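Peer 1: coords below, sequence missing:
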């Protein structure tokens, strides 16, 4: 079966959630799933849930620090993103996974941790029998143009704007 490249982008909530929902659906159909999370080093509820399941590997390529601007990028952030690119390439070509999710890779690009050419190279490397999902705000146009499916999450209203912080079980 031919599989495609999907992108979940935009400023609205739900990009990672949509990708994780797809992972759950894929696992229910006996897929093997690889998730590489860029710029994430914190603990999230999905890590505890997926740790209990077979056929899924989640690796994180970030620190516990939140990058809020390009001025806050440190060498360790770049090094972790480069390690994530290497593992993503391995996951795509090893033949072990039917679904590969690269969570927040578009944001990693926005902050200069990975290049557009590196992401495009991964997309070109994708075998026909692997579904590839890229998530994150600020997906570059060239990557959007290369994808088969692009969904933009649009913020209409968000409680972050009145000071609500990320909540366990909902945002993390």
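Peer 2: Received the coordinates, thanks. Everything numeric here is computed off the predicted structure, so don't read it as measured data.

Peer 1: what residues are up against the residue sitting nearest the centre point of the chain?
Peer 2: By CA atoms, centre = their mean, the mean C-alpha position of the chain lies nearest to residue 103, the distance being 0.8 Å. Counting by CB atoms under 8 Å, 6 or more residues apart in numbering, residue 103 touches 16, 19, 35, 36, 37, 38, 40, 135, 136. Yep, even glycine has a C-beta here, placed from its N, CA and C like the rest.

Peer 1: from residue 1, how far out is the fourth one?
Peer 2: Computed as CB to CB, to the nearest Å, the residue 36 to residue 1 distance reads 23 Å.

Peer 1: who's more crowded, these two?
Peer 2: Neighbours per residue (other CB atoms under 10 Å) separate residue 36 from residue 1, with residue 36 holding more: 24 against 6.

Peer 1: and the residue nearest to the centre of the chain, bridged to which residues?
Peer 2: Using DSSP bridges, the beta-bridge partners of residue 103 come out as residue 37.

Peer 1: the helix or strand of the chain with the lowest mean pLDDT - contacts with which helices or strands?
Peer 2: Least confident helix or strand of the chain, by mean pLDDT, DSSP states H and E, is helix 45-51 with a mean of 90. Under the contact criterion of 3 or more CB pairs under 8 Å, 6 or more residues apart in numbering; DSSP states H and E, helix 45-51 touches strand 56-61.
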